[in-house]
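**Student:** Sequence first, then the predicted structure, then my questions.
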Amino acid sequence: MGKNKYNHLLVIRLSAMGDVAMTVPVLSALTAQYPDLKITVLTRAFFRPMFITLSNVHVYEAQVDGKHRGIPGLWKLFKELKKLEIDAVADLHNVLRSSVLKGFFVSAKIKVVQIDKGRREKRALTAYKNKAFKPLKTTFQRYADVFYKLGFSINLESSRALSKRTLPERVLELVGPDNLKWLGIAPFATYPGKTYPFDLMQKVILALNDTNKYKIILFGGGKLEKKQLQQWSDSCQNCINTIGALSFEDELALISNLDLMVSMDSGNGHLAAIFNVPIVTLWGVTHPYAGFSPFRQPPENSLLSDRTIYPLIPTSIYGNTMPEGYDTVMSTIAPETIINRITALLEAK
C-alpha cells in the first residue's frame, strides 16, 4: 500500500464492549493492508482477548479506575505511552478521558485524530419532531475515517473474520458432546427498551428446545441475569447457562464456534460478528439506521419493532431514552418471527 510516515499508531477505545468489538474488523482490514504497521490498542484489560490473534496489534491496559484515574492518572498514562514511541493517535472514543490524553499528545507534537461521532445527524435521527429517518454512516466507517485522516486508506471489504478458536476442555465439558447445532442466545441489553420481553423470549426458547435440533447456549452477566437464565436451563434439556461458568476468553472461543447468535442491539452480537457467525438481532427503541448493526450482517437478519405503531423509533442512539408508552415496543416482534428466522438460517447451513 506504499510508505506512510507513521510506523506505530495508538488506538484509543476504552469501552463499551460492543464498541470495542467493532474496532476489530477495522483493525483487521488495516493490518491486512499495512502489514508493517505496529498498533497499540489502549483499552481495558478485560477486552484483551478480542485482539490476541490480530497481527502486530498489542493491547495496553488503561486502568481508569486505578492508577490512571483523573487528570494526574492520565498524565501518568501519557508518559507510559510516550515511552512506546507512538507516532500518531487514532482516538476512536472521543470522550473526556481521551480528549485529555489528546491534549498531552498534541503538546508533545504527536498527531491525534478523533472520531466524528455524527452527533448532529444522530440527534436528527432520534428527534421526536421533524425526525430525519435515514441511514447514517456506520460506526465501522467512522472508525475507518479516522485512519484515513492519518494517511491510511482502508477498504473494509478486505477485513478478514477471526478464525474459530480451539475450545478449551472446560468449555467442552460445559456444552457436552452432541450432534446438535449450536445456537447462542444473549437475551439482555443495557436498557429495557432494547431487551426482548422475558415471557416472549421464553416462548422462543421453549419452542426451539422442543425441536431437539439445537443446543441453546445462553449468554449474559450479573446475578439477576444468571438467575433468570437458570430458570430456562433447568427446565429445558437442551439449554445451557454460561453465566459465571467461563472466563471472557473462554466465552469468545465458544462464540466463535456457534452456528448462530441471537442478540439484542448489544455487545454479544458484535462479538459473534468478528468471527463471521450469523446473527439475528432484535431491535427495540434503537434502530440499525444509527450505524451499529453487527459487521457484514444482511438487513433481513435485523428484526425490527413496528414503526407504524411506534413512529418515534429510534428514540435514542443507545436506548437510554424512552417516551411514555414505548416500553412495549419489542412486543411487536412476534416470537414466531424470531423462530422462523432462526430456523431458516440454521436449516440452510
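**Tutor:** All right, it came through fine.
**Student:** Once you drop chain neighbours, what's closest to Met264?
**Tutor:** Ala189 (3.9 Å; CB to CB, 6 or more residues apart in numbering). Every C-beta, even on glycine, is put in place using the N, C-alpha and C of the backbone.
**Student:** Can you report how many residues neighbour that neighbour?
**Tutor:** 25 (other CB atoms under 10 Å).
**Student:** I'd like the domain boundaries of the protein, if you could list them.
**Tutor:** Annotated domains of the chain cover 8-155, 169-348 [automatic domain parsing].
**Student:** I'd like those written out as JSON lines, with mean pLDDT added.
**Tutor:** As requested, these are arranged in JSON lines below (pLDDT from 0 to 100):
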{"stretch": "domain 8-155", "mean pLDDT": "97"}
{"stretch": "domain 169-348", "mean pLDDT": "96"}
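**Student:** Adding distance to Leu162, write the ones you listed out as CSV.
**Tutor:** Listed next are the domains of the chain as CSV, based on distance: least, CB to CB, whole Å:
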stretch, distance to Leu162
domain 8-155, 6
domain 169-348, 5
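**Student:** Enumerate every residue touching the residue nearest to Met264.
**Tutor:** Ala189 is in contact with 195, 264-266, 284, 319, counting by CB atoms under 8 Å, 6 or more residues apart in numbering.
**Student:** Could you single out the nearest of those residues to Lys203?
**Tutor:** Thr195 (15.2 Å; CB to CB).
**Student:** how about the closest residue to the closest one other than its chain neighbours, phi and psi?
**Tutor:** Ranked by CB to CB, 6+ apart and with sequence neighbours excluded, the top spatial neighbour of Thr195 is Ala189, at 4.7 Å. Main-chain torsions, Ala189, degrees, to the nearest 10: phi -150, psi 170.
**Student:** tell me which element the closest residue to Ala21 other than its chain neighbours is part of?
**Tutor:** Excluding its sequence neighbours, the residue lying closest to Ala21 (CB to CB, 6+ apart) is His270, at 3.8 Å. His270 belongs to helix 267-273 when assigned by DSSP states H and E.
**Student:** Over to Leu345?
**Tutor:** Leu345 belongs to helix 335-348, assigned by DSSP H and E.
**Student:** Show me what counts as buried in that helix.
**Tutor:** 335, 338-339, 341-343, 345-346 (16 or more other CB atoms under 10 Å).
**Student:** So which residues of the chain form strands?
**Tutor:** Taking DSSP state E, the strands of the chain run over residues 8-12, 38-43, 57-61, 88-91, 111-114, 181-186, 214-218, 239-241, 260-264, 279-283, 302-304.
**Student:** Could you say which one of these comes nearest to Glu249?
**Tutor:** Closest of those to Glu249 is strand 57-61, at 12.7 Å (criterion: CB to CB).
**Student:** tell me the angle that closest one makes with strand 8-12.
**Tutor:** 50 degrees (axes from the mean of the first three to the mean of the last three CA atoms, to 10 degrees).
**Student:** Who does strand 57-61 pair with, and is each partner parallel or antiparallel?
**Tutor:** Strand 57-61 pairs in its sheet with strand 38-43 (parallel), by DSSP bridges.
**Student:** List of residues touching the partner strand?
**Tutor:** Strand 38-43 has contacts (CB under 8 Å, 6+ apart) with 7-15, 20, 23, 27, 30-31, 51, 54, 56-62, 81, 84, 86.
**Student:** which parts of that strand are buried?
**Tutor:** So, applying 16+ other CB under 10 Å, buried residues of strand 38-43: 38-43.
**Student:** Just the CA atoms of it, as CSV, please.
**Tutor:** Presented in CSV, the C-alpha positions along strand 38-43 are these (Å, rounded to 0.1, in the frame of the first residue of the first chain):
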residue,chain,number,x,y,z
LYS,A,38,2.5,-1.5,14.6
ILE,A,39,-0.7,-0.9,16.5
THR,A,40,-1.2,-0.4,20.3
VAL,A,41,-4.8,-0.5,21.4
LEU,A,42,-5.5,1.4,24.6
THR,A,43,-8.4,-0.3,26.3
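**Student:** heads up, I number from 49, so please use that
**Tutor:** Will do, 49 is the new start, and the previous item becomes strand 86-91.
**Student:** Any idea how far that strand is from the middle of the chain?
**Tutor:** In terms of CA atoms, centre = their mean, to the nearest Å, the centre of strand 86-91 is found 18 Å from the chain centre.
**Student:** can you give me the helices in the chain?
**Tutor:** 65-69, 71-81, 118-130, 144-155, 167-173, 187-197, 217-223, 246-258, 271-283, 296-304, 315-321, 383-396 (DSSP state H).
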